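S.K.: Build me a model from this:
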Amino acid sequence: MTDTSPAAGLPASGVSSVQPAGTDGPITVLRNRSDFLRAARARHRKAPAFALQARKRGDTEPAPEAIRVGYTCSKKVGNAVARNRAKRRLREIARRALPQHGHPGWDYVLIGRRDVTADRPFEALRQYQRDRRR
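M.R.: Numbering: from 1, shown residues only. Model (predicted):
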């Protein structure tokens, strides 16, 4: 059992665990800035609607069997409503794609793009995922 921080309501590790339907291992949400910074120095792919950063975690890092994912949208994406909408769409993309295509022991960060992530039809956002499998 993990102890929680009374102020934030999150586990002490700074991540929250989610078990999506149809997965064997947990998908954990990144919360610490340091995790995002490490992912920023790793591999990245650009899609029309978002950017994806991916990195394999070291053996000494926590949750070696978990897939960890983070979402970010800068103020360039738009106001708070647009950023939140973009992040909801990124979460849904990750929820659908990572259980089948994610690798345990890896961190993924999805980054929203200006004028596209929040406004583009959702099926067009998923098109990149389908194209990458071919």
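S.K.: Which stretches in this protein count as strands?
M.R.: Listed from the start of the chain, the chain has strands (DSSP state E) covering 16-18, 27-29, 43-46, 50-56, 67-72, 106-112.
S.K.: Lowest-scoring secondary structure element of the chain by mean pLDDT?
M.R.: Within the chain, no helix or strand scores below strand 16-18, which has a mean of 48 by mean pLDDT, DSSP states H and E.
S.K.: Let me know the pLDDT of Leu125.
M.R.: Listed pLDDT for Leu125 reads 71.
S.K.: Asp59 versus that one, what's the distance?
M.R.: 34 Å (C-beta to C-beta, to the nearest Å). Yep, even glycine has a C-beta here, placed from its N, CA and C like the rest.
S.K.: Name the residue in the two with the higher neighbour count.
M.R.: A direct count of neighbours by other C-beta atoms under 10 Å for Leu125 and Asp59 places Leu125 higher, at 20 against 6.
S.K.: Next up, the contacts around that one.
M.R.: Residues in contact with Leu125 (C-beta atoms under 8 Å, 6 or more residues apart in numbering) are 49-50, 89, 93, 117.
S.K.: Helices - which of those land there?
M.R.: When the contacts of Leu125 are checked against helices (DSSP state H), the matches are 89, 93.
S.K.: closest to Arg68 among the contacts of Leu125?
M.R.: Proximity of the contacts of Leu125 to Arg68 (C-beta to C-beta) peaks at Ile93, which lies at 15.6 Å.
S.K.: residue contacts, the closest one?
M.R.: 50, 110, 125-126, 129.
S.K.: Can you tell me how far it is from Asn32?
M.R.: For Ile93, the distance to Asn32 - C-beta to C-beta - is 22 Å.
S.K.: try Ala86
M.R.: 21 Å.
S.K.: What of Ala51?
M.R.: 20 Å.
S.K.: For these two, indicate the residue with more neighbours.
M.R.: Neighbour comparison, Ala51 and Asn32: the larger count goes to Ala51, with 15 against 12 (by other C-beta under 10 Å).
S.K.: Looking at the closest residue to the more buried one other than its chain neighbours now. What's its pLDDT?
M.R.: Spatial nearest neighbour of Ala51, excluding adjacent residues (C-beta to C-beta, 6 or more residues apart in numbering): Ile111 at 4.2 Å. Looking at Ile111, its pLDDT is 95.
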